[in-house]
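S.K.: Quick one, structure for this:
(2 chains)
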Amino acid sequence: MDLHFGDGKPTDEERAAVDALLGPPESSWEGADRSDGDLRWARGGRTARDRRDLLLPGLHAINDRVGWISEGALGYLCRRLTVPPAEAYGVATFYAMFSVRPRPATVLQVCTDLACAGAGASELCAGVEAGLGPGSGVGVERSPCLGLCERAPAVLAVRAGDPVRTAVSAPATVESAVLAASAPDAAPEEAPVAAAVPQAGGEAGNAALTLLRRVGVVDPTDLDDYRAHGGYSALRRAFAIGPAAVIREVTESGLVGRGGAAFPTGRKWQATASQPARPHYLVCNADESEPGTFKDRVLMEGDPYALVEAMTVAAYAVGAERGYLYLRGEYPRALRRVRHAVDRARARGLLGDDILGQGFAFDIEIRRGAGAYICGEETALFNSIEGYRGEPRSKPPFPVEQGLFGRPTVENNVETLVNVLPILNLGAQAYAAIGTGGSTGPKLFCVSGSVARPGVYELPFGATLGELLALAGVRAGLRAVLLGGAAGGFVRPDELDLPLTFEGTRQAGTTLGSGVVMAFDDTVPLPRLLLRIAEFFRDESCGQCVPCRVGTVRQQEALHRIAERTGAAAAGDIALLREVGRAMRDASICGLGQTAWNAVESAIDRLGAYE
Amino acid sequence: MTVTPLGIPRRLLEFTLDGEPVRAPEGSTLLDACRAAGKDVPTLCQGDTLTPKNACRVCVVEVAGSRTLVPACSRKAEPGMEVRTDSERARHSRKIVLELLASSVDLSTTPRAAEWIEDYGARPDRFGPDAARLGEEPRVDNELYVRDYDKCILCYKCVDACGDQWQNTFAISVSGRGFDARIAVEHDAPLTDSACVYCGNCIEVCPTGALSFKSEFDMRAAGTWDESAQTATTTVCAYCGVGCNLTLHVQDNEIVKVTSPHDNPVTHGNLCIKGRFGYQHVQNRG
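M.R.: Below you'll find the model as predicted:
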């Protein structure tokens, strides 16, 4: 590749950040000073190009150290990886967490999404801006859902440096948010993860729970504690019965994907395992960004070894030697804990060349997202890992045939993978006996909003919405419940007997989605909620296809126009919304555009918003 | 003796197109089959020399059993498929796509856009006077060509032509996200500070006139651009031994634009800076 680089030079700090990730450059062909030898032969270019997938980690390295990505830093990273600067610029500008313009070293992200907006996020934002005052050296940014809905309102402070420092304050007050931003090291530790699981503790302990039973019980940093609580029994069983039998168990268990699409997991695994092309990859989608969703964070923070074990089982079943865990960039504690768990597992021979002496080799690499909802779409996630813009690919070909790096790939959500452990421990039949015929197993629900005890709840499929809300202590004056997040739909308070199953919600014309259950009382103005959802999609559209890129803008504009209108005054714009929504649903490339109108439509049709 | 390559014979697949049985060679796209059957499916981001990007979604058709509409430009025909190109559902999405584009982008130099807008009954003005537009000014930063991103529909064709599909220069990319996404060189610098080699292969594939010869841009601004008064003469480039074909577009005895035939088996419409822009000596009448 004959690339053209600008004249910008990296600062010593920027160079050090990149070199810490990639090691020192071997020749001037990848960024070192020129030597006599470099004039005679080109070295390193091809090898460097094969490391294109390190572009995103490289951008993180620079952004973590300096707080933004300068021309010189980007140019140096491009030289190191033989990436065209225009492409790298396209990637850097794709992600919300990166800036290609100078900005303060500390950025305070204030969540202004659905749950936090209801908990006073806009007042918090104004208060923080006033409290910090001008010249504070803190940039305040309004953020989409930070996945801390059980502790709304939430803020996340990120201070660039070596190492980068983060602090979460939730529920945040103006004082605690200002403290987190101005002294992230001194900010108090955030609440223990057990606090996010209201069912935990008590006299029964967590005995009634399956997926959450170790959360708040085991020490998430201690591998021995994990093993003492039943850890690694599923992997032993997997090795005992062999990969084909593991897939059979998963298929017979009836497990379907918990990320929102509900695709049968066993079928996905079988399709990948049977592909002759090698290598196979396993990808764990932990880019949990659906507003209102935080179950995967709780699992990773509270029981990280379970995910490591489940990924190992999945990789064994589908014949993958390498797994990528794509973790949301806004989850610093989950990152720390999962990274620690992976390191410990590797040190103890539970990852690596010869796992448990069975001759099976598998390792996990953690990749951080950088603030892009679209990267939760499975093929966008592949592009993101590979170092391209996180834009969805068109299907077919499907990931099971051509996924990550063009190879057969299984991609599963965190919750889906963790379900594999009880399937192997209990057996497929016992697992399938949980829940209903059409939706088997336990399910995690992220309950937030107008409830006394928000958090992650585990119930067998088939419990009703009313039972779940009663468990969480729903407050009086319920006006609406949002199921499935921004891409989901609203239901009415008189629909609380709705069974929480895939088939039950489908029959009722709504969706379980990723398990969001957000309650709103009658003090929350619906039009403002809908406008926030529309702003979310407008901000998060990748921009690849026209229906979504422009459609989400026109949707937001129309909702803005009718925010204060009802009846005939809103009818024209509602008709327009329907037409645009229908085209987004029919003609968008991926699920983002296809679902961007769901919640608004359900609010109009089910709740009678604007009547 | 001239040998005409025939290629490997391809199996024919049978499926139905708007209720009529049709046969198409294996590997054909639905768009190929539509065109072979004489059906006019609008396209914008599709290019005859490029891998389909299926970004514009104006070519969507209805396939029985598919939850969503599918892009005809990239979906391969399969035996037994039932395809409807002109159903109410497909027409609705095309109409909305045209409305969304026309309400945000200047389509005044996009061939056939006005005709399609009329055909599909699209009313771009119904989003109101405050509907967000791209709001870009033309970028005139070199003597050869102009980037008028107010006319850009973000079809990715220029990026693909500049990148690994043809030129391998990688001077441009999509930057930003969503409605703010734009075609840009690194740090959104002027072209003269970028990797651009001025081959003009991006202009060759641009479907909207967002990329145009400076000569065309200036003449349009002066109101003297008149395609009906132009002739197009295909000749062979005189610069080197490759033998690329040039099509010289001439108005009032002046070369105003150079294109290259896409069916040339060697160059597929691609040229270098000399063939594309190095024609001034022809007009140097001293």
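S.K.: is it fair to say A:A157 lies in a helix?
M.R.: No - A:A157 sits outside any helix when classified using DSSP: H, G, I helix; E, B strand; the rest coil, being strand.
S.K.: can you map out the strands along the stretch 451-600 of chain A?
M.R.: Taking DSSP state E, counting those that start in this stretch as the criterion, the stretch 451-600 of chain A carries its strands at A:455-460, A:478-483, A:489-491, A:516-521.
S.K.: So for B:G275, which of those strands sits nearest?
M.R.: Of all the strands of the stretch 451-600 of chain A, the one in closest proximity to B:G275, counting by CB to CB, is strand A:489-491 (56.6 Å). All C-beta atoms are positioned from the backbone trio N, CA, C, and that covers glycine.
S.K.: How far off centre is that closest one?
M.R.: 22 Å (CA atoms, centre = their mean, to the nearest Å).
S.K.: So in that sheet, which strands flank it, and in what orientation?
M.R.: Each strand that pairs with strand A:489-491, with its direction, by DSSP bridges: strand A:478-483 (antiparallel).
S.K.: Can you give the distance from the strand it pairs with to the centre of its chain?
M.R.: 23 Å.
S.K.: for chain B, which spans come out with low pLDDT?
M.R.: Scanning chain B with the threshold set as pLDDT under 70 gives B:1-6, B:286.
S.K.: helix, strand or coil for the residue nearest in space to the middle of it?
M.R.: A centroid search over chain B (CA atoms, centre = their mean) returns B:P207, at 3.2 Å, as the residue closest to the centre. Of the three states, B:P207 takes coil according to three-state DSSP.
S.K.: re the thing from before, got TSV for the strands of the stretch 451-600 of chain A, with mean neighbour count too?
M.R.: Converted to TSV, the strands of the stretch 451-600 of chain A look like this (neighbours: other CB atoms under 10 Å in any protein chain shown):
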stretch	mean neighbour count
strand A:455-460	23
strand A:478-483	24
strand A:489-491	25
strand A:516-521	26
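S.K.: Let me have these in a markdown table, extended by mean pLDDT.
M.R.: Formatted as a markdown table, the entries for the strands of the stretch 451-600 of chain A read as follows, by pLDDT from 0 to 100:
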| stretch | mean pLDDT |
| --- | --- |
| strand A:455-460 | 97 |
| strand A:478-483 | 97 |
| strand A:489-491 | 97 |
| strand A:516-521 | 96 |
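S.K.: okay, those in JSON lines with distance to B:F213 next?
M.R.: Shown next, in JSON lines, are the strands of the stretch 451-600 of chain A (distance: least, CB to CB, whole Å):
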{"stretch": "strand A:455-460", "distance to B:F213": "60"}
{"stretch": "strand A:478-483", "distance to B:F213": "53"}
{"stretch": "strand A:489-491", "distance to B:F213": "51"}
{"stretch": "strand A:516-521", "distance to B:F213": "53"}
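S.K.: can you give me phi and psi for the residue lying closest to A:R578 once chain neighbours are set aside?
M.R.: Closest residue to A:R578 apart from its sequence neighbours, by CB to CB, 6 or more residues apart in numbering or on different chains: A:E601 at 7.5 Å. For A:E601, the backbone dihedrals are phi -60, psi -40 (criterion: degrees, to the nearest 10).
S.K.: Kindly report the same for B:V236.
M.R.: Note on B:V236: its backbone torsions stand at phi -110, psi 140 [degrees, to the nearest 10].
S.K.: quick one: it and B:L248 touch, right?
M.R.: No - with contact defined as CB atoms under 8 Å, B:V236 does not count as touching B:L248 (11.1 Å).
S.K.: Those two - which one has more neighbours?
M.R.: The residue with more neighbours, out of B:V236 and B:L248, is B:L248; 17 against 11, by other CB atoms under 10 Å in any protein chain shown.
S.K.: ok, now which ones touch the more buried one?
M.R.: Contact criterion CB atoms under 8 Å, 6 or more residues apart in numbering or on different chains gives B:A232, B:T233, B:T234, B:T235, B:I255, B:V258, B:Y279 as the residues in contact with B:L248.
S.K.: Where does the residue of the stretch 151-300 of chain A found nearest chain B sit, in terms of helix or strand?
M.R.: The minimum distance from the stretch 151-300 of chain A to chain B, using CB to the nearest CB, falls at A:A261 (11.3 Å). Mapping A:A261 onto the secondary structure by DSSP states H and E places it in no helix or strand at all.
S.K.: And for A:F445?
M.R.: Element membership of A:F445, judged by DSSP H and E, is strand A:442-449.
S.K.: report the angle between the axes of that strand and strand A:455-460?
M.R.: Per axes from the mean of the first three to the mean of the last three CA atoms, to 10 degrees, the angle that strand A:442-449 makes with strand A:455-460 is 150 degrees.
S.K.: Adjacent strands (with direction) for strand A:442-449?
M.R.: In the sheet containing strand A:442-449, its partner strands are strand A:455-460 (antiparallel), strand A:516-521 (parallel), by DSSP bridges.
S.K.: excluding its backbone neighbours, what's nearest residue 243?
M.R.: Chain wasn't specified; assuming chain A. Closest residue to A:P243 in three dimensions, ignoring its sequence neighbours and counting by CB to CB, 6+ apart: A:A317, at 4.8 Å.
S.K.: think we crossed wires, I meant chain B
M.R.: In space, and not counting its chain neighbours, B:G243 is closest to B:V236: 5.6 Å by CB to CB, 6+ apart.
S.K.: what about A:L559, distance to chain B?
M.R.: Note on A:L559: its distance to chain B, by CB to the nearest CB, to the nearest Å, is 13 Å.
S.K.: May I ask you to confirm that that residue is in contact with A:A534?
M.R.: Yes - shown here, A:L559 and A:A534 form a contact pair, counting by CB under 8 Å, at 4.9 Å.
S.K.: so what's in contact with those two at the same time?
M.R.: With contacts defined as CB under 8 Å, 6+ apart, the residues adjacent to both A:L559 and A:A534 are A:V600.
S.K.: Show me where the chain has its strands.
M.R.: Because you didn't say which chain, this covers chain A. With DSSP state E, the ranges of strands along chain A come out as A:106-111, A:138-143, A:155-159, A:165-169, A:280-286, A:320-327, A:352-355, A:360-368, A:409-413, A:442-449, A:455-460, A:478-483, A:489-491, A:516-521.
S.K.: Chain B, not that one
M.R.: Along chain B, the segments classed as strands by DSSP E run B:12-17, B:20-25, B:60-63, B:70-71, B:82-84, B:145-147, B:173-175, B:182-184, B:211-213, B:230-236, B:245-251, B:254-259.
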